[in-house]
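Participant: Kindly generate the corresponding structure for this input.
(2 chains)
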Amino acid sequence: MPKMNLSHFEAAFLFSLFTSVVMGIVTKSNDRDRLHYGIYTFACFMVALFGLGWLMYFGHG
Amino acid sequence: MAVKEKEEKQPAVPIGAWAPAVALGWLIPGGGHFLLKRTGRGVLLLIAVTSMFVCGLMMRGYMFQPQTGDLLTTLINVGGFVGDVAGGILYLLTVWLGYSQPDVAGHVHDYGTKFLVVAGLLNILAMVDAFEIAAGRKE
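Facilitator: Numbering: from 1, shown residues only, chains lettered A, B, ... in the order given. Just a heads-up that it's a prediction; the model follows:
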């Protein structure tokens, strides 16, 4: 089994991507809403990721 | 005047209608959707859950064992074990083929452990979705 060595950002990006796909599929009842909700969830993950990243950056001074 | 809200009781669905879809959904991520002829969604679920699990394995994530002890230890280990087992055939193959990794310190391994557990939890969501489709509560 090859080893995967990801940075925090890469790991969080992949996590967000896979989770958003599943959340989009299981939550809504038609394909249009599923796509929109999947994109919305992914965007929320990204905002949280960058937001928390900058927060920690400024928090450390 | 107090208004009593009537709770809508949904009729019980016979177990034979949903059990095969839920069981297949556990064994193969997206399998329940395939059985219910929702192929597109099944393929996406299969790809998403399997990719997440395989990424977890390649990051050398740790497979939880159902250890008990104090409350936190029990919660983490039993909860993690349930999440791992929910991966279905992915979990079984990993254990049978000896890809289960020991617990190692490091952020990549830690992410891997989370990926493995969350892949199982996402599969549980897919199983619930398959149940709702089989029960006729969702298209």
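Participant: quick one: the helices in chain B?
Facilitator: For chain B, helices defined by DSSP state H occupy the ranges B:15-27, B:31-35, B:39-58, B:71-85, B:89-96, B:107-134.
Participant: For the fifth one, the averaged confidence score.
Facilitator: Summarised as a single mean, pLDDT over helix B:89-96 is 96.
Participant: ok, now the shortest one?
Facilitator: In this model, helix B:31-35 carries a mean pLDDT of 96.
Participant: what about residue B:12, how many neighbours?
Facilitator: 7 (other CB atoms under 10 Å in any protein chain shown). Just so you know, the C-beta spots here come from the backbone N, C-alpha and C atoms, and that holds for glycine as well.
Participant: Can you tell me which of the helices of chain B is most buried?
Facilitator: With neighbours taken as mean count of other CB atoms under 10 Å in any protein chain shown, these reach their highest mean count in helix B:31-35, at a mean of 24.
Participant: List just the one of the helices of chain B that sits closest to residue A:30.
Facilitator: With CB to CB as the measure, helix B:39-58 is the member of those nearest residue A:30 (11.5 Å).
Participant: So for residue A:20, which of the helices of chain B sits nearest?
Facilitator: Closest approach to residue A:20 among the helices of chain B (CB to CB): helix B:39-58, 8.7 Å.
Participant: and that closest one, anywhere near chain A?
Facilitator: Yes - judged by CB under 8 Å from any CB of the partner chain, helix B:39-58 and chain A are in contact via B:41, B:44, B:45, B:47, B:48, B:49, B:51, B:52, B:55, B:57, B:58.
Participant: mind checking how far stretch A:4-17 is from the chain centre?
Facilitator: Mean-position distance between stretch A:4-17 and its chain equals 9 Å (CA atoms, centre = their mean, to the nearest Å).
Participant: residues from chain A in reach of chain B?
Facilitator: Within chain A, the positions near chain B by CB under 8 Å from any CB are A:1-6, A:8, A:11, A:14-15, A:18-19, A:21-23, A:25-26, A:29-30.
Participant: Now the buried members of those.
Facilitator: Neighbour counting by 16 or more other CB atoms under 10 Å in any protein chain shown classes A:4, A:6, A:11, A:14, A:15, A:18, A:19, A:21, A:22, A:23, A:25, A:26 among these as buried.
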